[in-house]
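In: Whatever this is, show me its structure:
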Amino acid sequence: MENLECPNCGNALANGVAVCGACGKEVKDDEIARPPQDQEKGPGRKNVYAILAVLLVILGGAALLIFTGLLPNPMKGGGSTAAIVNGEKITTAEVDQKFDLYKKMSGKSGQSDSATPEGKAAAADMRRQILNAMIQEKILVTEAVKEKITVPPQEIADKISAVKKSLNLSDKDFDAFLQNHAMTPANFEKRIEKDFLISKLVAKGTQEKGLTKDAWLAELHSRAKVEILAK
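Out: As a prediction, this is how the structure comes out:
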């Protein structure tokens with residue numbers, strides 16, 4: 001809520017008041033003083049969002065790809081199917097969400113991606129890259145489940161606490177970041193869980209099975225069932 005001040009006496013005002021309760025003067029909306037510190041919160045908070053957005057990209061280490069997991073999937077199961085990975089669908093609605101997020105993060109949200117043949121080709125190529133990233137993540141997560149890999153809830157909670165502490169974030173700032181990216185705490189916890197599943201899956205192949213990372217990932221991909229339906 002915005003903090004407002006009476007232009008006559010400086011008393012704090014609630015939104016919508018017509019008369020100051022301290023000095024009794026009539027208050028016009030265009031005369032209400034707004035403290036400068038409130039104006040400074042916006043850019044600072046945007047910086048927090050930017051840092052956290054980058055953190056979400058790198059949180060899971062090398063197994064994660066840049067366009068995966070920054071938004072929840074509220075439309076999961078709806079719309080046409082872009083791909084089927086180990087029996088699980090990736091919908092075109094999910095791909096559209098990731099593509100819209102890419103445009104927002106890259107500052108291209110206000111630009112048309114279909115104005116020119118080059119623009120159409122670039123947009124189509126980016127959608128393919130996003131879909132491929134989503135397929136790779138889906139392969140790793142579903143294979144982690146097959147390997148009976150689990151993540152204790154306390155491990156997820158500890159990771160989230162570490163994120164907040166490392167960036168010196170209050171719970172309010174963290175909640176604001178989640179809301180800005182259309183996420184709930186449950187969505188974010190699921191993102192962290194996926195990151196842990198992937199990293200533990202990679203570790204299982206390299207440590208327990210004695211394979212190189214590339215050999216283990218190649219094995220996982222070779223046994224995965226992938227059907228790409230999007231053109």
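
In: What pLDDT is listed against residue 219?
Out: Looking at residue 219, its pLDDT reads 92.

In: In contact with it, which residues?
Out: When contacts are counted by CB atoms under 8 Å, 6 or more residues apart in numbering, residue 219 is found next to 205, 211. C-betas here are computed from N, CA, C, even on glycine.

In: Secondary structure class of it, three-state.
Out: Recorded secondary structure, residue 219: helix (DSSP: H, G, I helix; E, B strand; the rest coil).

In: any idea how far it is from residue 226?
Out: In this structure, residue 219 and residue 226 are separated by 15 Å, where distance is defined by CB to CB, to the nearest Å.

In: same question, residue 104
Out: With distances defined as CB to CB, the gap from residue 104 to residue 226 amounts to 28 Å.

In: Check residue 161 too.
Out: When CB to CB is the yardstick, residue 161 and residue 226 sit 36 Å from each other.

In: Looking at the two, which has the bigger crowd around it?
Out: Under the criterion of other CB atoms under 10 Å, the comparison of residue 161 against residue 226 puts residue 226 first, with 14 against 10.

In: Need phi/psi at the more buried one.
Out: Dihedral angles phi and psi of residue 226 (degrees, to the nearest 10) take the values phi -120, psi 130.

In: Could you report the pLDDT at it?
Out: Reported pLDDT at residue 226 in the predicted model: 93.

In: same question, residue 31
Out: pLDDT recorded at residue 31 is 52.

In: The longest helix that the chain contains packs against which elements?
Out: For the chain, the longest helix by residue count, based on DSSP state H, is helix 117-146. The criterion is 3 or more CB pairs under 8 Å, 6 or more residues apart in numbering; DSSP states H and E, and the helices and strands that helix 117-146 contacts are strand 81-85, strand 88-91, helix 92-105, helix 185-203, helix 213-223, strand 226-228.

In: pLDDT (mean, whole number) over it?
Out: Per-residue pLDDT values over helix 117-146 give a mean of 90.

In: Stretch 155-172 now?
Out: Along stretch 155-172, the predicted confidence averages to a pLDDT of 89.

In: Show me which positions of it end up buried.
Out: By neighbour count with 16 or more other CB atoms under 10 Å, stretch 155-172 contains the buried residues 156, 159, 163, 169.

In: Shouldn't the last one be within a helix?
Out: To tie it back to what came earlier, the one meant is residue 169. No. The secondary structure assignment for residue 169 gives coil rather than a helix, going by three-state DSSP.

In: Please report the distance of it from residue 131.
Out: Spatial separation of residue 169 from residue 131 under the definition CB to CB is 32 Å.

In: And residue 103, by the same measure?
Out: From residue 103 across to residue 131, the span is 16 Å (CB to CB).

In: Those two: which has the busier surroundings?
Out: residue 131 (21 against 16).

In: quick one, what contacts that one?
Out: If you count contacts by CB under 8 Å, 6+ apart, then residue 131 has 82-83, 90, 95, 228, 230 around it.

In: Which residue in the residues you listed has the weakest pLDDT?
Out: Checked by pLDDT, those have residue 230 as the lowest-scoring entry (77).

In: Helix or strand: which one has that one?
Out: Assessed by DSSP states H and E, residue 230 sits outside every helix and strand.
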